[in-house]
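Participant: here's my sequence, what's the structure:
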Amino acid sequence: MIPTIHWLPVIVSAVAVFAIGALWYSPVLFGKAWVKAHGHTPAKIEAMRASMGRAYGVSFACYVVMAIAMAMLIKRMDVFYVRGGVKLGALIGVGFAATIGLTANMFSEKPLATWLIDAGYQIVYLMVMGAILVAWR
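Facilitator: Have a look, this model is predicted:
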């Protein structure tokens, strides 16, 4: 049986992921290091900006799917405390997102720094997502 999905916390979680990403990949935190690690030129950055609408749309849809899946896990596992949501997010982040990302990184010949920045973001946002979803359970 599919559990009832509470859409407000799912959407808020997806928006929170965007907000964290905006800060994470800004010059304030890891934006400059991420660009340098990828070896992107100013021209490449401009070209990337031209297709950002599509990338943001697909990303948001993925974050909604993640939040739905995590909400289902939270309900199935009877997680009632925010700390439990944070732990679940960390487990998913380290156990799945970071390991899948590292495997992809090894075959893409990108510097390890790109994986560290991206995996850090994924772990943090999954922990926040877990906290939001449990707090609104």
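Participant: what's the nearest residue to the residue most central in space within the chain if we skip its chain neighbours?
Facilitator: When the chain is reduced to its mean C-alpha position, the nearest residue by CA atoms, centre = their mean turns out to be Gln122, at 3.9 Å. Of all residues beyond its chain neighbours, the one nearest Gln122 is Ala97 (4.1 Å), with distances taken as CB to CB, 6 or more residues apart in numbering. In short, each C-beta sits where N, CA and C put it, glycine included.
Participant: so what's that neighbour up against?
Facilitator: 119, 122-123, 126 (CB atoms under 8 Å, 6 or more residues apart in numbering).
Participant: what would those look like in CSV with secondary structure?
Facilitator: Listed next are those as CSV, based on DSSP: H, G, I helix; E, B strand; the rest coil:
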residue, secondary structure
Ala119, helix
Gln122, helix
Ile123, helix
Leu126, helix
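Participant: that concludes my questions; thank you for your assistance.
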